[in-house]
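Q: Could you look at this predicted model? Sequence included:
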Amino acid sequence: MLEQKQSEQLSIIIDKYRKQKGALIPLLQEAQRIFNYLPIDALSMIGKELKISLSKIYGVVTFYSAFHLTPHGKYSITACRGTGCQVKGGKKILQVLKETIGINEGETTNDLMFSLDTVSCLGACALAPVIVINKDYFGKMTAEKVKTIVGQYRSTDIPVCEP
Ligand code: FES
């Protein structure tokens, strides 16, 4: 069951895209920003309002890794497991991330502060090893930098930028 405020926000987004063909993905992206994931009730409401079957919506949501069907952390951390990063210590960076945050890949902390995922390349190989927190890139990572950056997000709850 969606909270009334969230339901109202979702209605506004649905209305915004109601008459646009092929707008399901941007609609889902905006919907996910409301909830930090895509709850089933939100998908049902989108389907009902736009007359799109739930199975079609599920197909889109499960196809793209950027969509989440379970609660996701406020700070979504993505570590690169691509070859370019692995040869520069990416495996160690991922391990330190897991230890520092206390979760494994694909998991979210109980306080919903952090989620941890991996991808095959973040498109910034020259900065290897790389992690991304929400939309902020952090390159040439070391174990110490991981601990410092995560600690800053945790303690200030304000996104930090790399110097
Ligand atoms: S391999 Fe890591 S950013 Fe490309």
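A: Great, that's in hand.
Q: okay, now whichever residue of the chain sits closest to the ligand: neighbour count?
A: Going by C-beta to the nearest ligand atom, the ligand is nearest to residue 82 of the chain, at 2.6 Å. In this view, the C-beta of every residue, glycine as well, is placed from N, C-alpha and C. Counted by other C-beta atoms under 10 Å, the residues lying close to residue 82 total 20.
Q: what sits against it?
A: By C-beta atoms under 8 Å, 6 or more residues apart in numbering, the contact list for residue 82 reads 90, 119-122, 125, 128.
Q: So which bits of this protein are right by the ligand?
A: By C-beta under 6 Å from any ligand atom, the residues of the chain that approach the ligand are 80, 82-85, 121-125, 128, 130.
Q: at 5 Å what do you get?
A: 80, 82, 84-85, 121-122, 124-125, 130 (C-beta under 5 Å from any ligand atom).
Q: Return the member of these nearest to residue 107.
A: Comparing these against residue 107 with C-beta to C-beta places residue 80 closest, at 17.8 Å.
Q: how near is the residue of the chain closest to the ligand to residue 97?
A: 15 Å (C-beta to C-beta, to the nearest Å).
Q: With residue 113 instead?
A: For residue 113, the distance to residue 97 - C-beta to C-beta - is 13 Å.
Q: more crowded one of those two?
A: Neighbour count, other C-beta under 10 Å: between residue 113 and residue 97, residue 97 has more, with 26 against 15.
Q: which SS class is that one?
A: helix (DSSP: H, G, I helix; E, B strand; the rest coil).
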